[in-house]
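K.L.:
what's the 3D shape of this:
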Amino acid sequence: MTAPAVALGVGGLGGLTMHGTPSLRLPGEHFAAALFFLSAGAVGLVWIAPELSVGMYLSPHVAGVTHCFTLGWLSMTIFGALYQLLPVALGVSIHSESAGHASFWTFAPGVALFASGVAFSSLTLRYIGIALISIGVLCLVINVTLSLRRVVARDVIWTAVTIALSFLTLTLFIGALLAENLHIGFLGSWRVRVLATHLHVALLGWVLMMIVGISHRLLPMFLLAHTADTRWTRRALTSLASGVVVLGLGLTINQTFLYTTLPWIGLALVEAGIVCFLIQATLFFKARKRPRLDAGLRHAATALVFLAMTAALAPVVLLRGIEHRQLDTAYVLLGLLGGLTLYVIGQFYKVVPFLAWMARFRDDMGKKRVPTVAQLYSPRVAHTDLVLLVTGIVGMTAGIATGVELVVRVAAILFAAGIALFVSQIIRVAFGTSFGGIVPLAPATTTARALG
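P.N.:
Numbers count the residues shown, from 1 in each chain. Got it, this is the predicted structure:
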């Protein structure tokens, strides 16, 4: 890497790119597809508002839209982030960039076909979609695993990625069972238990586990909080991993004593893991050298509040059981959209503008005037989308809990508007010009700080 690029590390964000990272096309195509599925999911929420308001989480329409968020938005974003950040965080290059592209070009169409097949009850689309998704996940798991094998210093990030990939594989297996059940119905009344296991393994074991691990690198980088105590990350990973396993077993085992005891043990472990993660994130925020939070970090901080709210609601959901479907639906929506989606949006606001800046302005640094990373998007629009997203999430949760369809639909429209603003911001970052004009040329260290 050139000398100016090395200087970027002064601002903290230079740690997102180094020798060994793939071309920006690989994470870029994943991020672009993720934004498409996020947009589709947001529109889908308006469509399924009547079903959400009565807690019809078993509806094919609800399942199809949910997979736009879980597979299309969250998983696709994580895949792209892995390709960009693994060489930086663990010091090894991706085993095969070609395999990464192959994974994308099977996984992305697979998600589109599978979500459509589930939503519109098309057996053909479901089978083709799950086959393509399986190939894409297999390519990614093998590719990343071969990279992980070369890592010398196997720290908490290595542990998080390894465990999360195991849960991703398990998520795919359970998901395939549920997809086949839509055609054959062999699970019978057991379907709800298996679905609950599938959701918790996917959202906690795969997505949240990966968020905890990646945040161990990104939060101190973005906050300039490298002096913070980092011991809570490992505690979070240990409790989450064991908790997801025990909770999943408790939800699926058809035995009275275990069914009533194991879920509470698993939930206690999961809650402990979430608390440890929240403590770790709080320590990072408290140790930051920048007192003012930018738009991306405000999104992330708000998401942590939603995650805490979801964790507080979880014991009530487990106590009330599967008979209270509106409560169950509100619980999943609060965690999926508030705790996870909003957090990933916050990271998008940090990572994507920097990668776009590197692609467009790196060679001009020290030669002519260039904008700062922050000038590639509008903070005012970003804060507006945050207000819309929070209002939409809170409104949908309240509307579902009370069974008021109009509230759910209006809140879903507000959420979709927030997503539209966010996506428009990222498109502007990728293809447009900076907001606020071009800043005066500054010394390398000053510009580097501005990049952070």
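K.L.:
Give me the phi and psi for S96.
P.N.:
phi -150, psi 120 (degrees, to the nearest 10).
K.L.:
next one: R290
P.N.:
Per degrees, to the nearest 10, the backbone of R290 is at phi -100, psi 110.
K.L.:
Equivalent analysis for A287, please.
P.N.:
For A287, the backbone dihedrals (degrees, to the nearest 10) come out as phi -90, psi 0.
K.L.:
you'd agree it is up against T230?
P.N.:
No. A287 is not in contact with T230 according to CB atoms under 8 Å; the separation is 10.0 Å. Where you see a C-beta, it was placed from the backbone N, CA and C, and this is true even at glycine.
K.L.:
what residues do these two have in common as contacts?
P.N.:
P220 (CB atoms under 8 Å, 6 or more residues apart in numbering).
K.L.:
secondary structure class for the residue lying farthest from the centre of the chain?
P.N.:
Relative to the centre of the chain, the most outlying C-alpha is that of K367, 37.3 Å out, by CA atoms, centre = their mean. The three-state label given to K367 by DSSP: H, G, I helix; E, B strand; the rest coil is coil.
K.L.:
do the same with P371
P.N.:
Relying on three-state DSSP, one would call P371 coil.
K.L.:
That one is in contact with F361, isn't it?
P.N.:
Yes. Using CB under 8 Å, P371 makes contact with F361 at a distance of 7.2 Å.
K.L.:
and the strand or helix carrying L414, which residues are buried?
P.N.:
Element membership of L414 [criterion: DSSP states H and E] is helix 405-431. Within helix 405-431, the residues that count as buried by 16 or more other CB atoms under 10 Å are 407-419, 421-423, 425-426, 428-430.
K.L.:
Give me the next element, helix or strand, following the helix or strand where L304 lies.
P.N.:
Assessed by DSSP H and E, L304 sits inside helix 295-320. The helix or strand immediately downstream of helix 295-320 is helix 325-333, counting by DSSP H and E.
K.L.:
Check which helices and strands whatever helix or strand comes next after that following helix sits against.
P.N.:
As assigned by DSSP H and E, the chain's next helix or strand after helix 325-333 is helix 342-361. Applying 3 or more CB pairs under 8 Å, 6 or more residues apart in numbering; DSSP states H and E, we find helix 342-361 packed against helix 25-47, helix 76-90, helix 209-223, helix 295-320, helix 379-402, helix 405-431.
K.L.:
what's near enough to touch I130?
P.N.:
110, 114, 175-176, 179 are the contacts of I130 under CB under 8 Å, 6+ apart.
K.L.:
let's go with 7 Å and repeat that
P.N.:
114, 176, 179 (CB atoms under 7 Å, 6 or more residues apart in numbering).
K.L.:
If I average pLDDT within each of the helices and strands packed on helix 342-361, which one is lowest?
P.N.:
Within the helices and strands packed on helix 342-361, confidence is poorest for helix 76-90, with a mean of 89 (mean pLDDT).
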